[in-house]
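> Got a predicted model here, sequence first, then my questions.
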Amino acid sequence: MEVSLPAHSATSALLSLRDLKVHFDLGGGTWWDRMTGGSRERRVVHAVDGVTLDIREGETLGLVGESGCGKSTLGRAVLRLVEPTAGSVIFRGVDLARLSARHLRDQRRHLQMIFQDPYASLNPRMTVGEIIAEPMETFRLHRGTEKQERVRELMRTVGLSPRNIKRYPHEFSGGQQQRIGIARALAANPDFIVADEPISALDVSIQAQIMNLMETLRQERNLTYLFISHDLRAIRHTSDRVAVMYLGKIVELADARVIYDEPLMPYTKALISAVPIPDPVIEASRKRMVLESDVPSPINPPQGCRFHTRCPFVVPACKQVVPPLVEVKPAHFAACIRISAEQPHIEHVAPGATPGLASSAPAR
Amino acid sequence: MTAVTPLLSVRGLTTYFDLEEGVVKAVDGVSFDLERGKTLGIVGESGSGKSVTNLSILRLIPTPPGRIVSGQILFDGKDILTMSDDEIRTIRGRRIAMIFQDPMSSLNPFMRISRQLMEITQLHLGYGREQAHQHAVRMLETVGIPDPSTRVAGYPHEFSGGMRQRVMIAMALSCSPELLIADEPTTALDVTIQAQILELIKKLKEETGTSVILITHDLGVVAGMTDEIVVMYAGKVFERAPTTELFAKPGNPYTKGLLRSVPDPTSEQGRLYQIPGLPPDPAHLPPGCPFAPRCDYVQEICRQEFPPFVSLNERHQSLCHFAAEVYGGQPAGA
C-alpha cells in the first residue's frame, strides 16, 4: 500500500509511524462457525487502524483516549511487544516492524517501556537490584562492581535509597514500585520511552511525584516520551503535543495547550468538556457536552467516521466518508469532514454543511 | 421533623482492624453531619479510611478482623450502631443505599438484571412479581438505559461498564432511599462515561431529594458535585468545610498540598507541586500529627503533640496546630 507523507510529519522525528495497523483476528465467518453456532461474520478487532504519527526528538507526545481505543496496543506495537499487521515503525531510519529478532534486540536497548501496574510488571522473586540490573545483562552493558555501582546510581536518580537494593518489590509502596520500573527502563540508557498509564494506579499525591520525576529525567537525559493516558489533566501537564485516539485512529493532534483551549474535532471537545475541573466556581457555571451511549466495539467498527454514532454534529455523509487527518489550523490537525481550514469551528458551520469534504481527497 | 436535625450524624466513629502486624486504626474518631438533600464529599487517598467510614455507617465491616470500637451513627435520630440486626436490615438498601466502585463485582453474574432489581422491591416494599417487574423496567428507564423492557432480561456481562453502573444506580434508587452512598462510583469508568454518570446522579438527586455521600480521591469530581467536603488522612478528619470555601481557602496543609498537586487544565503550570514522602502505614502511625513527616509547615510541636481540631469559622474546621496560619494564607516554610 502506498503511504504518502502527510503534512504533520516532520523531518526531525526520532520515531515515525507510517500507516501502522494492528488487527486481532478473532475468527468466525467460516462454514464451520455457521454449523457450530459460532459467529456468522469474521470478527476482526481493529485495535490500531492506520496511524501515521511523528514523535520529535526530546518531546513528550501525549496519547489520550478512552479504554478500548487502541492506545496501549499502539504503544506496544512501537516496541513490537505486539506484532504490527501492517505499516512501519521507523526509529532513526530503521523500520523496526521489519527487523529480525536479533536485530530488533539491538534496537530495543534504545526503546524502553514503563507499565501501568508497577507491581505486576516487576518479578516478585527478584530483588530490586536484580530487576534494575537485568537490562544491563541482557544488553551486555556493564559487569561486576561497575554494574552494581550503576544500579545504585539509578536508584538514587529515581529517588530510592540504595540501601534497599536487596529488598523485594512487595516491600515497597505503589509509588516506589513505579520508581523501580522507571529505574529499570533507564538501565539500558534508552532514548525513547513508552510510558503506558504510568500514574493511573497511584494515589493523587504520588502521581505528582512521578510526573515530576519523569520530567526531570527527560530534561537531564534528553529523553523522548510517548505518554499514554486516559487522564487528560495528566496529559495536559506532561505533554508538549497531544494526539487524541478514537477506535484505532488519531482524530486530533496539536500542541497540548491548543488542544485544551480550542479543541476542533467534536470528540475532543466532548472529552475535554468531560474532565472535571478542581474548582467549584468554574464547575458551577460550566456547561458540559455529555455524549450519549458508549464507545462502540472495535470489532468491526462503524463505517465512515468512527465517531458518527455518538457525534452531536453528525450528518449523513459522516457515515460514508472516513475523514482524513488534515491541518485545519497551523500545526493543528483534526479528522472531521464538517470542518476545514476556512471554517475550523464546527459551531459556526452551516447546519448540514461539510466544508471538509471539498478540500479533502475522496476517501477509501 | 425539624429542619435542624441532620439526616445523618456521625459522632466519634472509631473502627479498628486487628491484624497480625498490630491494631490498625482505620477510622479514628471521625465526626460529620449530613443535612437532608445535601451532598457530602469524602476525599482521601488509599488507606485514609474513607471507605471504612462508609462501610461502618451500614455496619458492613467484616468482623473479625474489623470492629467498631466506639462512636455513634445517628440516622434520622436513631443510632445505627445499637440497632438489632433486624432493624438494620430494614434500613440497608431501603433507606440507605450504596453504589460501589466496581459495578461488575457488585452484580451477580448468574442472575438476570430483572431478578436482581426485583429482589429489592419485593423484599423491602413487599411488591408482587408483576409490580416489581414493572418497577424494575421503570428504574432502568430512569437511569437512561435504552430499550429497558428488553434489556431488563439481560445478564450483567451483556452490559458495558457504564451501563452496569447505571444498573447499580437503578438498584440503589429502587426503594427511594433517603441517603445514597456512592463509593468511587466513576473511578473504573472512562471520562465521557464518568461525565454521564455524574450528571445522572446530579439529576436524580434533584428529582428525588436524596442526600448523597460521594467518596472519591478526585478533587475535580467533588468540586462540581458536593455542598460540603470532609478530607480524610490516616483515619482522621483533617478538614471539614463547605466546598467553595475549602477550595478557595483551605485551612490544612494536607488539603492545600492536594489541591496544588492536581494539574489544572485551565491554566499553565510549570513544575507540579508535590507532597513529599508517602502516605503513612496505618499500622505504624508516627507520634504527633500523622502528616508531620510530609508537611511544609511542620514545627517541633507537630512531631510530638497530636494537633487540635480547630474551628476556623462556624462551618470550617481543620486538624492542625497551625490551622489559623494556613487558613490566613501565611506563607509556608517551603
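Yep, it's here.

> List the beta-bridge partners for A:Val94.
Beta-bridge partners recorded for A:Val94 (DSSP bridges): A:Phe91.

> Count the residues that sit near it.
Applying other C-beta atoms under 10 Å in any protein chain shown, we find 16 residues neighbouring A:Val94. Any C-beta I mention is one placed from the backbone N, CA and C, and that applies to glycine too.

> I figured B:Glu228 hits B:Arg240, correct?
Yes - between B:Glu228 and B:Arg240 there is a contact at 7.3 Å, judged by C-beta atoms under 8 Å.

> For the closest residue to A:Leu186 other than its chain neighbours, the count of nearby residues, please.
Setting aside the residues directly before and after it, A:Leu186 is nearest to A:Leu154 in space (C-beta to C-beta, 6 or more residues apart in numbering or on different chains), at 5.8 Å. Close neighbours of A:Leu154, defined as other C-beta under 10 Å, add up to 22.

> still on that earlier bit, of B:Glu228 and B:Arg240, who's got more company?
B:Arg240 (26 against 23).

> Okay, and the beta partners of the more buried one?
Beta-bridge partners for B:Arg240, by DSSP bridges, are B:Val230, B:Gln317.

> Look up how far A:Glu130 lies from the most far-flung residue of chain B relative to its centre.
Distance from the C-alpha centroid of chain B, by C-alpha atoms, centre = their mean, peaks at B:Glu130 (34.7 Å). Using C-beta to C-beta, to the nearest Å, B:Glu130 is found at 65 Å from A:Glu130.

> List the residues that contact B:Phe100.
B:Ser106, B:Met168, B:Asp183, B:Glu184, B:Pro185 (C-beta atoms under 8 Å, 6 or more residues apart in numbering or on different chains).

> What backbone torsions are found at it?
Note on B:Phe100: its backbone torsions stand at phi -110, psi 170 [degrees, to the nearest 10].

> Tell me the pLDDT of the nearest residue to B:Gly288 once chain neighbours are set aside.
Closest residue to B:Gly288 apart from its sequence neighbours, by C-beta to C-beta, 6+ apart: B:Arg303 at 4.6 Å. On pLDDT, B:Arg303 comes in at 93.

> can you list the weak-confidence ranges in the stretch 1-150 of chain B?
Across the stretch 1-150 of chain B, the ranges flagged by pLDDT under 70 are B:1-4.

> Write out the residues of it neighbouring chain A.
Counting by C-beta under 8 Å from any C-beta of the partner chain, the stretch 1-150 of chain B comes close to chain A at B:Glu45, B:Ser46, B:Pro146.

> measure the second one to A:Ile272 for me?
So the one you mean is B:Ser46. Taken as C-beta to C-beta, the span from B:Ser46 to A:Ile272 is 28 Å.

> again with B:Gly47
Taking C-beta to C-beta, one finds B:Gly47 at 32 Å from A:Ile272.

> Can you report how many residues lie near B:Ala248?
Neighbour number of B:Ala248 under other C-beta under 10 Å is 13.

> and it, what pLDDT?
92.

> what's near enough to touch it?
Counting by C-beta under 8 Å, 6+ apart, B:Ala248 makes contact with A:Val281.

> ends of stretch A:90-106, how far apart?
Criterion C-alpha to C-alpha, to the nearest Å; first-to-last residue distance in stretch A:90-106 is 15 Å.

> All set, thanks.
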